[in-house]
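**Student:** Fold the stuff below for me.
(one chain, ligands or ions: 2)
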Amino acid sequence: MIDHPRDALTFPLSESQTLDPYVPPTPDPEYPTLHVTLTFATSLDSSLSLAPGTQTALSGLASKSMTHYLRSKHDAILIGVGTAVADNPSLNCRIGGVGGYGGKGLKGQPRPVVLDPRGRWEVNNESKVIKLAKEGRGKAPWVIRMTNAKEENAREKEKVLKAVGGDVFIVPSECSSASESMSRIDWSNIFSLLTAKGIRSVMIEGGGGVINDLLHPQNFGLVDTVIVTIAPVWLGKGGVQVCPDERVEEGVRIPVGRLRDVKWVPLGEDVVLCGRP
Ligand SMILES: NC(=O)C1=CN([C@@H]2O[C@H](COP(=O)(O)OP(=O)(O)OC[C@H]3O[C@@H](n4cnc5c(N)ncnc54)[C@H](OP(=O)(O)O)[C@@H]3O)[C@@H](O)[C@H]2O)C=CC1
Ligand SMILES: Nc1nc(O)c(N)c(N[C@@H]2O[C@H](COP(=O)(O)O)[C@@H](O)[C@H]2O)n1
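**Tutor:** Ligands and ions are numbered 1, 2, ... in the order given. Next comes the predicted model:
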């Protein structure tokens, strides 16, 4: 019997088989493509957290283990800088048997990627992702920045990242007519960068800004799979909500997006919705 650390999570084979039609397929080495999974946990009133800048535990143990199983099936996890700042997340996979949790090396560990266009994430040696990378319990993070970002402490932060094997990549921004501070990076450029760096599957975990941007009709087609944990709780007004901009075509309001091939999987007290855009 394999000895797993006491803090390791388990996800039963029977549950993983239910989910497997939605996990990324084995990549074809001749046709390098990227599988994009959008996944998050929400309340009954479509909130990710009680308030901006705070972390709220929504997933129960069973659905949290499901998220970690998904992490083991993806090459990378991507979050927005708002989440990196609010949560100081670990972004590793803590399923027993993966690298660092009873397994060898970093096998099964995804690459954490932080979308931080303007260099707002104060990554340092106390950041959980950096500590885990040092301990061999997670991969070192990559940061995606925008061209011309006026970033404080850029050199120091890059040094911290590179010391553990992480990196910073610069992607051209899409200029906004409103102002430079409104400019953003086109998701197809982000996905091209990840593909060029050898990533074949990415799970995007949030937060609100990132999810709402990906649910925009212009971007929704770039998503292959959506997996949402719904927890039986209402958080109330003032939270970070998943609620994309409305969609109007020829002056008529229509739904923003709908999933097909849908499966609802009860896990503990939560239910997990799987589908494809
Ligand atoms: N329940 C759950 O599953 C999850 C909950 N959360 C929660 O969500 C909250 C964080 O969400 P939120 O504050 O919305 O932050 P996000 O993590 O969504 O980060 C948003 C920021 O990411 C950058 N960004 C997003 N899209 C683009 C783009 N296309 N191009 C360039 N930059 C982009 C922008 O940075 P800039 O402003 O610098 O331009 C933007 O403000 C926290 O409370 C966290 O706990 C987070 C993840 C999952
Ligand atoms: N699946 C899920 N359930 C919740 O209740 C959550 N709050 C989140 N948040 C996401 O998970 C990240 C934290 O991960 P670590 O445990 O620190 O590795 C957090 O940053 C969000 O992306 N997810």
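
**Student:** Quick one: list the elements packing against the one helix or strand in the chain whose mean pLDDT sits lowest.
**Tutor:** Across the helices and strands of the chain, mean confidence by mean pLDDT, DSSP states H and E is lowest for helix 13-19: a mean of 91. Secondary-structure packing of helix 13-19 (3 or more Cβ pairs under 8 Å, 6 or more residues apart in numbering; DSSP states H and E): helix 61-72, strand 260-267. Placement of C-beta: from N, CA and C, glycine included.

**Student:** Tell me the buried residues in that helix?
**Tutor:** 15-16, 19 (16 or more other Cβ atoms under 10 Å).

**Student:** in the stretch 101-250 of the chain, what residue is nearest ligand 2?
**Tutor:** For the stretch 101-250 of the chain and ligand 2, the shortest gap (Cβ to the nearest ligand atom) falls at E205, measuring 3.6 Å.

**Student:** Assign a three-state SS to the nearest residue in space to that residue that is not next to it in sequence, would you?
**Tutor:** Distance criterion Cβ to Cβ, 6 or more residues apart in numbering; nearest residue to E205, sequence neighbours excluded, is I79 at 5.3 Å. Reduced to three states with DSSP: H, G, I helix; E, B strand; the rest coil, the structure at I79 is strand.

**Student:** For the residue of the stretch 101-250 of the chain closest to ligand 2, pull up the helix or strand it's in.
**Tutor:** Using DSSP states H and E, E205 maps to strand 201-206.

**Student:** count of neighbours near the residue lying closest to V272 once chain neighbours are set aside?
**Tutor:** Leaving out its chain neighbours, the residue that sits closest to V272 by Cβ to Cβ, 6+ apart is V265, at 4.5 Å. Neighbour count for V265, taken as other Cβ atoms under 10 Å: 18.
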